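> Predicted coordinates and the sequence they were generated for:
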Amino acid sequence: MKPAHVDTRDRLIVALDLSSVEAAEALIARLGDSVTFYKVGYQLGYAGGLALVPKLAERGKKVFVDLKLHDIGNTVAKGIESIAKLGATFATVHAYPQTMQAAVEARGSSLKILAVTVLTSYDEDDLHAAGYRLGVSDLVEARALQAQTLGVDGLVCSGEEAATVRGIVGPQMALVTPGIRPAGSAAGDQKRIMTPGRAIAAGADYLVVGRPVVEAADPKAAAEAIVSEIAQAGG
Ligand SMILES: O=C(O)c1cc(=O)[nH]c(=O)n1[C@@H]1O[C@H](COP(=O)(O)O)[C@@H](O)[C@H]1O
């Protein structure tokens, strides 16, 4: 079911995973009114892309600053204060209690904090190799509960966990789902993937999509197809 507060088109977040501001601006121009919500992550952010955040906000676009902060509390808090000044809508931190608490306390009134539960490129073996005892679903669920207790605004998880997480945290927290792959598209390095329609049906509020749009021969058509799939799934 569509969350009352979110327009269908706003539920698609296109990851501007590109090497320069010029390349990002060219893609944004091509996508036009098809895309209303963009993500600036490591690649573009470290190539001058953070300066694009206030510009996009001035043009009426929403922006997700995805730098997945994780550091001592004071450093996280100062970083979040700086991201809030850019006019971003969402910012990510890794779902560690100290980190989430510092981010929530520093976020101000307009920035929303998303906690990344378990990266969508991880499976059980990857977690085990990193020293975790819990499997993917148990760790996602434990972190979702901790995030909710600490007052975090939303969670990043894969479509595979979305329905269970929604059942645990209820309707208030935003569920943001990467690892989105329209039928027939390559998974690449993602291990926990889902189609746009299935992820929406599972309870995701927002879908984060990079390569299936950015690398498409016709990015605007790819974005429009995803928005249609979101609408068909009840979003
Ligand atoms: O926080 C994120 O956005 C994120 C979390 C996660 O668990 N997995 C994940 O893929 N992402 C981001 O979502 C985008 C997915 O890109 P594609 O795999 O190209 O669609 C990338 O920009 C990732 O950094």
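Everything's here; your move.
> Stretch 11-25 near the ligand at all?
Yes: using CB under 6 Å from any ligand atom, stretch 11-25 reaches the ligand at Ala15, Asp17. Using the backbone N, CA and C atoms, a C-beta is placed for each residue, glycine as well.
> Just the buried positions in that stretch, please.
Residues Arg11, Leu12, Ile13, Val14, Ala15, Leu16, Asp17, Leu18, Val21, Ala23, Ala24 are the ones in stretch 11-25 that count as buried (16 or more other CB atoms under 10 Å).
> Can you read off the pLDDT for the closest residue to Gln101 other than its chain neighbours?
Once flanking residues are discounted, Gln101 sits nearest to Leu150: 5.2 Å by CB to CB, 6 or more residues apart in numbering. In this model, Leu150 is scored at 98, pLDDT.
> repeat for the one 4 residues further on
Per-residue confidence (pLDDT) for Gly154: 98.
> let's number from 380 now, not from 1
Sure, I'll start numbering at 380, so the last one becomes Gly533.
> Distance of it relative to Asp502?
Note on Gly533: its distance to Asp502, by CB to CB, to the nearest Å, is 23 Å.
> coming back round to it: list the contacts of the residue nearest to Gln480.
By CB atoms under 8 Å, 6 or more residues apart in numbering, the residues touching Leu529 are Pro476, Met479, Gln480, Val483.
> and it, how far is that from Pro476?
For Leu529, the distance to Pro476 - CB to CB - is 7 Å.
> try Glu484
Going from Glu484 to Pro476 by CB to CB gives 12 Å.
> Also Val519?
Applying CB to CB to Val519 and Pro476 gives a distance of 15 Å.
> Neighbour count: these two, which is higher?
Val519 (25 against 14; other CB atoms under 10 Å).
> Count the residues that sit near the residue nearest to Ala580 when sequence neighbours are not counted.
Using CB to CB, 6+ apart and skipping the chain neighbours, the partner closest in space to Ala580 is Ala612 (5.0 Å). A count of neighbours around Ala612, defined by other CB under 10 Å, yields 20.
> That concludes my questions; thank you for your assistance.
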